[in-house]
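> Mind folding the following:
(one chain, ligands or ions: 1)
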Amino acid sequence: MTSAASVVSARDLGLTFDTNDGPVHALAGVNLDIRKGDFVSFIGPSGCGKTTFLRVIADLEKHTTGSIEINGMTPENARLARAYGYVFQAAALYPWRTIEKNIALPLEIMGYGADDQKRRIAEMLDLVNLSGFGKKYPWQLSGGMQQRASIARALAFDADLLLMDEPFGALDEIVRDHLNEQLLKLWDKTNKTICFVTHSIPEAVYLSTRIVVMSPRPGRVTDVIESTLPRERPLEIRDTPEFLEIAHRVREGLKAGHSYEE
Ligand SMILES: Nc1ncnc2c1ncn2[C@@H]1O[C@H](COP(=O)(O)OP(=O)(O)OP(=O)(O)O)[C@@H](O)[C@H]1O
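Numbers count the residues shown, from 1 in each chain. Below is the predicted model:
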């Protein structure tokens, strides 16, 4: 049963790809409820189905068994209702559009009028600390700024659900720390529900209210860890025994699912 507060509810969800080399079980028997306001990280070795799960939520991929609901709707209806924003691994901004024109894109698709677009763009640039950069082109910004711009674009039409697939994976550690901190503040301020894919244990522990540990062949959920950390988290929290204890649990969960190569 789907509880009223469930944003994503997966029941015995499976997805098998038919390939020339035979079936690939990208997801099998996934049961998961993501509640409104959760910050959920998905962690696990390459090929355990993290991206596939996000793509099923976003209706970019069709599940083959079980069921999934997004805000009580099918993925297709949720997509049509613009239930989510999606942030891809690379910033994926259009190079021929300025930052503000990139942020405007979903608003244009949604049929926002010129004034509403302008207002939303200014709000979003402010939210990700990029006010004053709207007229720049993506290549004029650093990698971290580009990723912030793509977060602004994903948030532009105010979807309650944000899907983020390793958004900071390609950035150096200092920039990543900074963006992690900003993302947490943004989540706190907006009360969005966030699904976040990462390969990094510290990143998952720092950001999440819940950590979903996955394992491959077939891709499945092996552990769901509830964070005991407070909502407000300075970066220094990563040195506390409580943080290290959760990180340890995640590491053990990954080991139990075996073949974690990193
Ligand atoms: N379109 C596709 N056709 C065939 N197989 C696919 C397709 N997309 C993904 N797969 C396979 O499904 C499995 C899960 O892939 P997925 O990309 O979801 O894993 P992941 O956990 O996100 O990996 P990574 O951490 O490397 O991004 C892998 O074995 C992958 O090769």
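> show me where this protein has strands.
Taking DSSP state E to define them, one finds strands in the chain at 6-19, 22-35, 39-43, 65-70, 84-87, 161-165, 193-198, 210-215, 220-226.
> Can you lay out those as a markdown table showing mean neighbour count and distance to the ligand?
Using the backbone N, CA and C atoms, a C-beta is placed for each residue, glycine as well. Converted to a markdown table, these look like this (neighbours: other C-beta atoms under 10 Å; distance: least, C-beta to the nearest ligand atom, whole Å):
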| stretch | mean neighbour count | distance to the ligand |
| --- | --- | --- |
| strand 6-19 | 18 | 4 |
| strand 22-35 | 18 | 3 |
| strand 39-43 | 25 | 8 |
| strand 65-70 | 18 | 15 |
| strand 84-87 | 23 | 14 |
| strand 161-165 | 23 | 8 |
| strand 193-198 | 25 | 6 |
| strand 210-215 | 24 | 7 |
| strand 220-226 | 17 | 11 |
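> thought residue 134 was touching residue 98?
Yes - under the criterion of C-beta atoms under 8 Å, residue 134 makes contact with residue 98 at 6.6 Å.
> which residues do those two both contact?
Taking C-beta atoms under 8 Å, 6 or more residues apart in numbering as the criterion, residue 134 and residue 98 do not both touch any residue.
> sorry, back to before: which one of the strands of the chain has the lowest average pLDDT?
In terms of mean pLDDT, the lowest-scoring of those is strand 84-87 (a mean of 82).
> Which strands and helices lie in contact with that strand?
In terms of contacts (3 or more C-beta pairs under 8 Å, 6 or more residues apart in numbering; DSSP states H and E), strand 84-87 is packed against helix 143-155, strand 161-165.
> Sheet partners, orientation included, of it?
Paired strands of strand 84-87, with direction, are strand 161-165 (parallel) (DSSP bridges).
> hey, C-alpha coordinates of the strand it pairs with in CSV?
Provided in CSV are the C-alpha atoms of strand 161-165 (Å, rounded to 0.1, in the frame of the first residue of the first chain):
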residue,chain,number,x,y,z
LEU,A,161,11.3,15.8,-6.3
LEU,A,162,14.8,16.2,-7.5
LEU,A,163,16.7,13.3,-9.1
MET,A,164,20.5,13.7,-9.1
ASP,A,165,22.7,11.2,-10.8
